[in-house]
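Trainee: Here is a sequence with its predicted model. Questions after.
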Amino acid sequence: MATLAHADTSRPAFSRLRTFFKSVGAALVRSGEYSSRVRMVERYQNMSDEELAKRGIKRDDIVRHVFGDLFYC
């Protein structure tokens, strides 16, 4: 009688592939969020001091206001 040993090697490869694509997806999401924040900074920089004051933002604090939850704890 013959005995066959079967090693399932597809699961680890699939797991690594899934991890890779999750990482790529997360990087794309972060990139998109960062890009939208940069556009927001540009939008604020193009506002007058009066418009910024109505929003409670000083010109020197625009970057801190936009990226505050990421970099300023």
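Mentor: Nice, thanks for sending it over.
Trainee: For the helix or strand containing G32, buried residues please.
Mentor: Take DSSP states H and E as the rule and G32 turns out to sit in helix 10-45. For helix 10-45, a neighbour-count test (16 or more other CB atoms under 10 Å) marks Y44 as buried. In this view, the C-beta of every residue, glycine as well, is placed from N, C-alpha and C.
Trainee: C-terminal to that helix, which secondary structure element comes first?
Mentor: Next along the chain after helix 10-45, taking DSSP H and E as the criterion, comes helix 49-54.
Trainee: Check which element follows that following helix along the chain.
Mentor: In N-to-C order, the element after helix 49-54 by DSSP H and E is helix 62-71.
Trainee: Just want the angle from that next one to helix 10-45.
Mentor: 160 degrees (axes from the mean of the first three to the mean of the last three CA atoms, to 10 degrees).
Trainee: what's helix 62-71 in contact with?
Mentor: With CB atoms under 8 Å, 6 or more residues apart in numbering as the test, helix 62-71 has contacts from 37, 40-41, 44-45, 52, 57, 72.
Trainee: Show me which residues of it are buried.
Mentor: Buried, per 16+ other CB under 10 Å, within helix 62-71: 62, 65-66.
Trainee: possible to save these as JSON lines with distance to S31 and pLDDT?
Mentor: Formatted as JSON lines, the buried residues of helix 62-71 follow (distance: CB to CB, whole Å; pLDDT from 0 to 100):
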{"residue": "I62", "distance to S31": "21", "pLDDT": "94"}
{"residue": "H65", "distance to S31": "21", "pLDDT": "91"}
{"residue": "V66", "distance to S31": "16", "pLDDT": "90"}
